[in-house]
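Asks: Need a 3D model of the sequence below.
(4 chains, ligands or ions: 2)
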Protein chains: 2
Amino acid sequence: MFSKACEYGIRAAVYITLQSLDGRRVSVNEIAEEIDSPMAFTAKILQQLTKNNIVDSVKGPTGGFEIEREAMDTVKLSKIVKAIDGDKIYVGCGLGLKECNADKPCPLHDKFIDVRSNLRTMLQSTSLYELATGLEVGLTYLKR
Amino acid sequence: MFSKACEYGIRAAVYITLQSLDGRRVSVNEIAEEIDSPMAFTAKILQQLTKNNIVDSVKGPTGGFEIEREAMDTVKLSKIVKAIDGDKIYVGCGLGLKECNADKPCPLHDKFIDVRSNLRTMLQSTSLYELATGLEVGLTYLKR
DNA sequence: TTAATAAAGGATAAATTTATCCGAATTAAA
DNA sequence: TTTAATTCGGATAAATTTATCCTTTATTAA
Ligand code: FES
Ligand code: FES
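Replies: Ligands and ions are numbered 1, 2, ... in the order given. As a prediction, the model looks like this:
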């Protein structure tokens, strides 16, 4: 569904959100350990999240990543997915035609756009804060 | 959503279905042209479809690929997707944890399984025949 | 001012997916 | 029986994604 990079990106963002709720700024090292992802690769992905103003980064000692309280609510998964995987999940054709186009649809078009709009709605309505709260109370996990 | 191989596989299967409705057996060459896919790669994918009894193949002159009338109804997209992409789309975790597991769910679990079951239902209820009929009357396309 | 810490960025490597090529096996028709 | 058409199967190559390494830059604290 999503690329590995995107999966790591979402997990990282949720972990940063959780820690920022406690006012803690976290390093790439800690993030990679806590979400069980390859550190250097995770660092690259965090750069993208930073460039897209999804998380904030601070260099130097005591530096690391954090996210503003307001962003926890306004940043939806759709923004992270778009920043990392682009919009192919939104504009792509389910059967691989150049782009999804209702004027010259592939045989799966009608059924596919239904599934896709379901996915899009989910991504556009799910905030980082929402995902972090389950973690906080120990109901959900970012690694096993 | 699906791999390139899977997209080609579905397009090929739908094209074979369409031609088999007219009693025509088709070659890899014709298929690749008609669905606009790389020929040799498409041949590999057709081998998989053949091994999985999704389409039938006949060697030699006048040979090619075809699909039985009954299979057009009984073969659903889910079977093709499973044959080519495996079942990761069904058992995988949306955030990349080892597997989807309701006992130790990732933060996205509840929302993800909803989207996924929507997708699964669509795949399990869509037959090759159904997809071929739109093509037949010129309402849908396998290439542009 | 210096040393240490952490993100940023560039280069490269490994793994996977996508794609091509070619010879072997099969089969129909000349 | 020979030839040609076609799928099958294995090897290999190209492209993309995933992952690592190392140097530079910024910043804090001693
Ligand atoms: S054209 Fe294929 S999904 Fe819309
Ligand atoms: S555990 Fe992640 S989707 Fe079910």
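
Asks: next SSE after the helix or strand of chain A with the lowest mean pLDDT?
Replies: Scoring the helices and strands of chain A by mean pLDDT, DSSP states H and E places helix A:88-91 at the bottom, with a mean of 94. The first helix or strand that comes after helix A:88-91 along the chain, using DSSP states H and E, is helix A:109-125.

Asks: Report whether that next one contacts ligand 1.
Replies: Yes - using CB under 6 Å from any ligand atom, helix A:109-125 reaches ligand 1 at A:109, A:112. The way it works is simple: take the backbone N, C-alpha and C, and place the C-beta from them, glycine included.

Asks: could I have the helix or strand following that helix exported to PDB, CA atoms only?
Replies: On the C-terminal side of helix A:109-125, the closest following helix or strand by DSSP H and E is helix A:128-136. Listed next in PDB are the C-alpha coordinates belonging to helix A:128-136 (Å, rounded to 0.1, in the frame of the first residue of the first chain):
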ATOM      1  CA  LEU A 128      -1.000  12.600  14.200                       C
ATOM      2  CA  TYR A 129      -2.500  13.500  17.600                       C
ATOM      3  CA  GLU A 130      -5.200  10.900  17.100                       C
ATOM      4  CA  LEU A 131      -2.700   8.200  16.300                       C
ATOM      5  CA  ALA A 132      -0.400   9.100  19.200                       C
ATOM      6  CA  THR A 133      -3.200   8.900  21.900                       C
ATOM      7  CA  GLY A 134      -3.700   5.200  21.500                       C
ATOM      8  CA  LEU A 135       0.100   4.700  21.900                       C
ATOM      9  CA  GLU A 136       0.100   6.800  25.000                       C
END
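
Asks: rewinding a little: the least confident helix or strand of chain A packs against which elements?
Replies: On a contact count with 3 or more CB pairs under 8 Å, 6 or more residues apart in numbering or on different chains; DSSP states H and E, helix A:88-91 meets helix A:109-125.

Asks: ok, residue A:62 - contacts?
Replies: residue A:25 (CB atoms under 8 Å, 6 or more residues apart in numbering or on different chains).

Asks: And for stretch A:18-31, what's in contact with it?
Replies: For stretch A:18-31, the external contacting residues (CB under 8 Å, 6+ apart) are A:12, A:15-16, A:37, A:39, A:42-43, A:46, A:58, A:62-69, A:72, A:132, A:135-136.

Asks: just the buried members of those?
Replies: For the contacts of stretch A:18-31, a neighbour count by 16 or more other CB atoms under 10 Å in any protein chain shown gives the buried set as A:12, A:15-16, A:37, A:42, A:46, A:64-67, A:72, A:132, A:135.

Asks: If anything else comes up later, I'll come back, but that's it for now.
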